[in-house]
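Q: From the sequence below, what's the structure:
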Amino acid sequence: MTQPTPAQRRYLDLQFGMMLHFGINTYYDKEWSDGTLDAARFDPQQLDTDSWCESAAAAGMKLVVLTTKHHDGFCLWPTRHSSYGVMSSPCRRDVLGELAESCRKFGLRLSVYYSLWDRRHDTGDDAAYADFMFRQLEELFTNYGDIAMLWLDGVWFKLTERAPSLHEMENIHLLFPGAKPEAFVEAWNSIGRRRWHFDQLYAQVKSWQPDCLVMNNTTTEFPGLPLFPVDARCGEKATALGGDRKVWTFDGRDVYLPLQIETTLSQWGPPGPFANGGWFWHEGDHSCATPAQITEWKEKAAHLDAVLLLNSGVMANGRLRPEESALHRLIGDASIGV
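A: Predicted coordinates:
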């Protein structure tokens, strides 16, 4: 029977973690942007990554994932390959580097989110853009110590031959009307891997850090599907999954692919602007998941043998929302979970 690799099992044993959305969108009340927002607005006066990790540890979390670069291309580390990021802002601090130190201090594993779709730097030259990605990923994997998982996003943009609208990106089924999950995987294998040079990207990551798991987000429309080659699968907002297939066939062999479920502590739904919570911080959002919801999510993840990540949108001052910090303390004190 196909079983998890030792690296996969170690990751699954983490069970529970924090995802952090932070970047230029934080300062413009946006979930997505196109790489043209002025970096001068990025100025977290009270930035304190220790407080993020202290809160995560208080909740019983063992893992922290940071959005090092979202679709807009704004980088939270001092990359040498882009002028759009912390070093072009008043902040001029290596947010990822500080978080890596905080994770070590509080005994947490570090993972990084990196968007393959970069609306500022992708000019349509696939070879040149792949080189840009590889150089940035080399910085992430050689300067910040051990990375548990590379959380990739944005692959669905390059699955289409034209630039989609933001409305289409937020409603991915419009791009693939009537598509079955298998068709989505086939489209990725025939187009996405070629355009993203993904086989080479995967192999390069493994050369830097062999035990780092690679995961690709298939969007909320196709939760849990594998976009090969990967070591784990994404379940964005997939807290209601009834079951989960663990063994998949790739290049003629069976591989075990564990699941990670990510959801938001923000529950800012109707009459608010989101269907079920935002990823980035928004000033008017004071909603928060309840301990009962988190108990349900943790039980679901345990049943599926999956890792659960609870997302926090870091505020403009560089701190977590008070509602979320209080919730972290509460669930830690109450020993919520299984």
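
Q: those strands in the stretch 51-200 of the chain, which residues are they?
A: If DSSP state E, counting those that start in this stretch is used as the criterion, the strands of the stretch 51-200 of the chain fall at 63-69, 109-115, 149-153.

Q: Run through the bridge partners of the most centrally placed residue in the chain.
A: The centroid of the chain falls nearest to residue 113 when counting by CA atoms, centre = their mean (4.3 Å). Assessed by DSSP bridges, residue 113 has beta-bridge partners residue 67, residue 151.

Q: Distance to residue 98 and mean pLDDT for the strands of the stretch 51-200 of the chain - can I get that in CSV?
A: Backbone N, C-alpha and C define where each C-beta goes, glycine included. CSV is the format used below for the strands of the stretch 51-200 of the chain (distance: least, CB to CB, whole Å; pLDDT from 0 to 100):
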stretch, distance to residue 98, mean pLDDT
strand 63-69, 10, 98
strand 109-115, 11, 98
strand 149-153, 19, 96
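
Q: Show the average pLDDT along stretch 184-199.
A: Taken as a whole, stretch 184-199 has an average pLDDT of 76.

Q: Contacts for it, please.
A: Residues from elsewhere that reach stretch 184-199 (CB atoms under 8 Å, 6 or more residues apart in numbering): 116, 126-127, 130, 133, 155, 158-159, 176, 218, 222, 225-229.

Q: Might one say that residue 85 is in contact with residue 70?
A: No: using CB atoms under 8 Å as the test, residue 85 is too far from residue 70 to be in contact (11.2 Å).

Q: Have a look at the two and say which one is more surrounded.
A: A direct count of neighbours by other CB atoms under 10 Å for residue 85 and residue 70 places residue 70 higher, at 29 against 25.

Q: so who does that one touch?
A: With the criterion set at CB under 8 Å, 6+ apart, residue 70 makes contact with 21, 23, 24, 25, 32, 113, 115.

Q: what separates it from residue 20, distance-wise?
A: The span separating residue 70 from residue 20 equals 11 Å under the rule CB to CB, to the nearest Å.

Q: before we move on, what about residue 90?
A: Computed as CB to CB, the residue 90 to residue 20 distance reads 20 Å.

Q: just residue 302 next, same as before
A: 23 Å.

Q: again, but for residue 292
A: Using CB to CB, which is the criterion applied here, residue 292 is 24 Å from residue 20.

Q: cool, residue 288 as well?
A: 16 Å.

Q: who has more neighbours, the two?
A: Taking other CB under 10 Å, residue 288 and residue 20 do not tie; residue 20 has more neighbours (23 against 19).

Q: which residues touch the closest residue to that one other than its chain neighbours?
A: On the basis of CB to CB, 6 or more residues apart in numbering, the spatially nearest residue to residue 20 that is not a chain neighbour turns out to be residue 66, at 5.0 Å. Contacts for residue 66 (CB under 8 Å, 6+ apart) come out as 20, 22, 76, 95, 96, 99, 110, 111, 112, 113.

Q: do the same with residue 314
A: Taking CB under 8 Å, 6+ apart as the contact definition, residue 314 lies against 20, 21, 22, 26, 44, 52, 281, 320.

Q: picking that back up, ok, now how distant is the residue nearest to the centre of the chain from residue 45?
A: Spatial separation of residue 113 from residue 45 under the definition CB to CB is 24 Å.

Q: before we move on, the earlier item: list the ones among the contacts of stretch 184-199 that fall in helices.
A: 126, 127, 130, 133 (DSSP state H).

Q: Give me the neighbour count for the first one.
A: Going back to what we said before, that points to residue 126. Residue 126 has 14 neighbouring residues, counting by other CB under 10 Å.
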